[in-house]
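S.K.: Let's see this in three dimensions:
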Amino acid sequence: MNQKVYEELFNAKSTVIAYGANPSFDSDPSKIEKWGLEKEGYYLIVGRMIPDNNADLILEGFIQSDSTKKLVIVGDVPFQDEYAIRLKIMKDERLLFTGYVTDPEELKSLYHNCFAYFHGHEYGGTNPTLIKAMAYGCAILALDTRFSRETLQNGKHGWFFGKNPTDLKNIISKAKSEHEKIQELRDTARDGLTDKYNWDRVTGRYLEVFEGLRNP
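M.R.: Model prediction:
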């Protein structure tokens with residue numbers, strides 16, 4: 001979709017290369033115990049605390065919901081920022097801010113054991129956290145953008161919500177009442193990792209571009 005943006009705004013052709021992810025099927029469940037978490041007892045957000053990622057929208061909708069699960073927010077910003085501070089002072093005992101998680105095994109366990117993963121990223125192309133959520137078998141609830149629709153194959157591998165807290169609240173209610181469909185999203189998430197997200201193909205495409213620049 002970034003290719004279309006370049007064409008529409010700048011009338012410029014470009015080469016699109018996706019991000020990659022390796023499917024993973026297991027992790028150490030004890031890794032989440034340090035935060036007092038249990039398997040499928042929480043929703044998950046992973047990303048920088050910046051407006052483009054819409055964590056405020058997700059938190060506001062979650063707070064309005066009657067969910068008994070927690071909402072775990074992984075990530076931060078490496079500077080003092082009013083937006084990030086506003087998120088961290090939101091009052092709800094179900095919210096858990098972990099800050100940065102640098103241990104890859106801990107992060108993997110957080111993905112593997114969540115009830116569902118919220119993806120609020122609004123801009124960009126293939127997003128690494130979304131691809132990782134698919135590779136780790138998450139049920140994905142994503143902001144309705146053309147980038148997410150492309151990656152999740154128009155809803156085959158995730159559900160979409162609009163950019164308002166009410167929509168977020170409603171999708172939480174839907175997830176609560178449709179456990180079997182949430183499990184189906186988990187079971188089929190890795191099927192969405194088509195060949196274009198394979199690391200061998202990704203690196204091969206980069207080599208093709210570099211060779212083309214050297215030998216135009």
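S.K.: Look through this protein and tell me its longest helix.
M.R.: Longest among the helix segments of the chain by residue count, using DSSP state H, is helix 199-214.
S.K.: centre of the chain versus that helix, how much separation?
M.R.: 26 Å (Cα atoms, centre = their mean, to the nearest Å).
S.K.: Pull out the buried positions in it.
M.R.: V202 (16 or more other Cβ atoms under 10 Å). Placement of C-beta: from N, CA and C, glycine included.
S.K.: outside of it, which residues touch it?
M.R.: Residues from elsewhere that reach helix 199-214, judged by Cβ atoms under 8 Å, 6 or more residues apart in numbering: T15, I17, A18, Y19, G20, A21, N22, D195, K196.
S.K.: pull the CA atoms of it into PDB?
M.R.: As requested, the backbone C-alpha atoms of helix 199-214 are provided in PDB (Å, rounded to 0.1, in the frame of the first residue of the first chain):
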ATOM      1  CA  TRP A 199      12.800 -14.200   5.500                       C
ATOM      2  CA  ASP A 200      14.600 -16.000   2.700                       C
ATOM      3  CA  ARG A 201      12.400 -14.300   0.100                       C
ATOM      4  CA  VAL A 202      12.700 -10.900   1.900                       C
ATOM      5  CA  THR A 203      16.500 -11.000   1.800                       C
ATOM      6  CA  GLY A 204      16.400 -12.300  -1.800                       C
ATOM      7  CA  ARG A 205      14.300  -9.300  -2.800                       C
ATOM      8  CA  TYR A 206      16.700  -6.900  -1.100                       C
ATOM      9  CA  LEU A 207      19.600  -8.500  -3.000                       C
ATOM     10  CA  GLU A 208      17.700  -8.100  -6.300                       C
ATOM     11  CA  VAL A 209      17.200  -4.400  -5.600                       C
ATOM     12  CA  PHE A 210      20.800  -3.800  -4.700                       C
ATOM     13  CA  GLU A 211      22.100  -5.700  -7.700                       C
ATOM     14  CA  GLY A 212      19.700  -3.600  -9.900                       C
ATOM     15  CA  LEU A 213      21.200  -0.400  -8.500                       C
ATOM     16  CA  ARG A 214      24.700  -1.600  -9.200                       C
END
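S.K.: Now do that helix, average pLDDT.
M.R.: For helix 199-214, the mean pLDDT works out to 82.
S.K.: Next: stretch 62-78.
M.R.: On average, stretch 62-78 scores 96.
S.K.: Put the alpha carbons of that stretch into PDB.
M.R.: What follows is stretch 62-78, C-alpha atoms only, in PDB (Å, rounded to 0.1, in the frame of the first residue of the first chain):
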ATOM      1  CA  PHE A  62     -11.000  -1.100  27.100                       C
ATOM      2  CA  ILE A  63     -11.700   1.000  30.200                       C
ATOM      3  CA  GLN A  64     -15.300   1.500  29.000                       C
ATOM      4  CA  SER A  65     -15.700  -2.300  28.600                       C
ATOM      5  CA  ASP A  66     -16.800  -4.800  31.300                       C
ATOM      6  CA  SER A  67     -13.900  -7.100  30.500                       C
ATOM      7  CA  THR A  68     -12.500  -9.000  33.500                       C
ATOM      8  CA  LYS A  69      -9.200  -9.500  31.700                       C
ATOM      9  CA  LYS A  70      -6.100  -7.300  31.900                       C
ATOM     10  CA  LEU A  71      -4.700  -5.100  29.200                       C
ATOM     11  CA  VAL A  72      -0.900  -5.400  29.000                       C
ATOM     12  CA  ILE A  73       0.900  -2.500  27.300                       C
ATOM     13  CA  VAL A  74       4.400  -3.400  26.200                       C
ATOM     14  CA  GLY A  75       6.500  -0.400  25.000                       C
ATOM     15  CA  ASP A  76       7.400   3.100  25.900                       C
ATOM     16  CA  VAL A  77       9.300   6.100  24.400                       C
ATOM     17  CA  PRO A  78      12.900   7.000  25.300                       C
END
